[in-house]
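>>> 3D model of this:
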Amino acid sequence: MKLQLIFDIACFTGQPSMSGSLRYAVEVLKRLVESEKFDIMTICSLPEEEFALRNLKRYFPYQLPFQSKEAKHFVLQDQPVLLEKSLLRRTEDRLKKMFPDSRILQCVADMIRTVKWKLSPPPFLTERKSSPFYEKLVTESDIYFSPFHPLIPELGQNQSIRKVIVIHDLIPVILADIYQGHHFFQKYPWESITPDTIIFCDSESTKRDLLKYCPEIKPDQVTTVLIGVDKMFMPYSNRMQIDRILEKYSIPTNIPYIFSVATLDIRKNFDHVMNCFAKYSLSQNGMETNCHLVLTGVSGWQDRKFKKIFARLPEKVKKKIIFTGYVEDNDLPFLYSGANCFCYMSLYEGFGLPPLEAMQCGTPVITSNTSSLPEVVGDAGIMLDPHDVEGLANVFTHIISNEKLRQELIAKGFEQAKKFSWDRCVDLIVEKIMN
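Residues are numbered from 1 along each chain as shown. Sure thing, here's the model as predicted:
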């Protein structure tokens, strides 16, 4: 007899690009369906139900039933409803175009938004009314699974339901100084945890952080389950295939490049990477190789900092830095494969999928020695303090000019990547929640 499982797809209300949390939800949900142990009903605990469903359909290969919190039956409209930007946002966008580097403008806009949200919080930040449809669903279900967001309050209607939550990271706590205002009024996932909640963390690092900052959580509630990497990430050696993708994103096809992929977020430390690349690029070795830096990702929190750093760089360095913007998922393996190395100097990661994807594509990895990244990379990459300018510039020199070192790292990377599997990840999850 199959167990009745509720799966919260609220993480699909974020930006439509395939982030790490979105990939986690897709890979886990797909394998839960394929296990044939569960009858799965999806819900969206946030207000943007239509957006979540459209995004789910974009990435998920199976059709699953959906229960709206507002109605018994929910049907997607033929045409998506476009949300109009608020007057504050439209005004802010216009002023930013006129004064792109104005810190005063940003401070004033943030202050106005804070006051506005205190007086009239947007729907996704307020406590919603209990849904009778969710209450009925909860009483009829065996398991509730939240891959990202807080547990829903309706779970109190069924004391025997197994509550499962995934904690990917504690970014708002660990990096509170650089994310001031970013999570204003929001409830963090760990705040909804009760003594009977089953908790999964992506790494031992995140588990340690969770137990440190939430001492009320019992250690035996928390299980570390390392996540996997999609099989689409594989090495490509066909130069014509690689060059076709490089040309698509205006990347020179005959010049070596250092690659990095992440949301252009202050936590990802791209400003440090650009400064180190400038130091390397202006060195004798850098001038000889004419190496480029390719940064891939959509705009994120305080990305204006990167724009300021970039604007201050010498023109001959600027010409070697390429911002591709959003890259289609299927194109990433070619960009990894074509790179001389992959650089990921993030300040903090709950797991850090990109270095693992790079290793599986046969690309040497340079990364931070912080948080979970040593667990992911092991001894298969070069790890540095994420603030070490001299160290990273020197590593660029060594890895671009030393083919023997590159081949050693590639071989180690392949072996390290074999330790991670989505199938094994979900097998462990299923075993835990069914016992």
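
>>> give me the number of residues near residue 377?
By other Cβ atoms under 10 Å, the residues close to residue 377 number 25. Glycine gets a C-beta too; all of them are placed from N, C-alpha and C.

>>> where does it land on pLDDT?
Residue 377 carries a pLDDT score of 96 in this model.

>>> Against residue 398, how distant is it?
Look at residue 377 and residue 398: by Cβ to Cβ, to the nearest Å, they are 17 Å apart.

>>> need the contact list for residue 268.
262, 297, 300, 345, 346, 347 (Cβ atoms under 8 Å, 6 or more residues apart in numbering).

>>> Repeat the analysis, applying 10 Å as the threshold.
Each residue near residue 268 by Cβ atoms under 10 Å, 6 or more residues apart in numbering is listed here: 260-262, 295, 297, 300-301, 303, 306, 344-349, 354, 386.

>>> Narrow these to those in helices?
Counting by DSSP state H, the contacts of residue 268 place 306, 354 in helices.

>>> Buried subset of the contacts of residue 268 as a ChimeraX selection?
In ChimeraX syntax, the buried subset of those is picked out as below (16 or more other Cβ atoms under 10 Å):
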select :260,261,262,295,297,300,301,303,306,344,345,346,347,348,349,354,386
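
>>> what does the domain assignment say about the protein?
Per automatic domain parsing, the structural domains of the chain span 3-78+133-228+422-434, 239-417.

>>> Out of the ones you listed, which one sits most buried?
Highest mean neighbour count among those (mean count of other Cβ atoms under 10 Å): domain 239-417, with a mean of 19.

>>> Distance of residue 258 relative to residue 330?
According to Cβ to Cβ, residue 258 stands 22 Å off from residue 330.

>>> er, residue 30 I mean
Distance from residue 30 to residue 330, by Cβ to Cβ: 17 Å.

>>> now residue 167
Distance, residue 167 to residue 330, using Cβ to Cβ: 30 Å.

>>> next one: residue 33
Residue 33 sits 22 Å away from residue 330, going by Cβ to Cβ.

>>> Also residue 346?
To residue 330, residue 346 is 24 Å away according to Cβ to Cβ.

>>> repeat for residue 2
The gap separating residue 2 from residue 330 is 33 Å, by Cβ to Cβ.

>>> the strands in the stretch 251-400 of the chain, which residues?
257-261, 292-296, 321-325, 341-344, 365-368, 382-384 (DSSP state E, counting those that start in this stretch).

>>> any chance you could map the helices in the stretch 51-200 of the chain?
For the stretch 51-200 of the chain, the helices defined by DSSP state H, counting those that start in this stretch cover 87-98, 103-119, 132-139, 171-174.

>>> what about the shortest one, average pLDDT?
Here helix 171-174 scores 86 as its mean pLDDT.

>>> Centre of the chain to it, how far?
From the chain centre to the centre of helix 171-174 is a distance of 15 Å (Cα atoms, centre = their mean, to the nearest Å).
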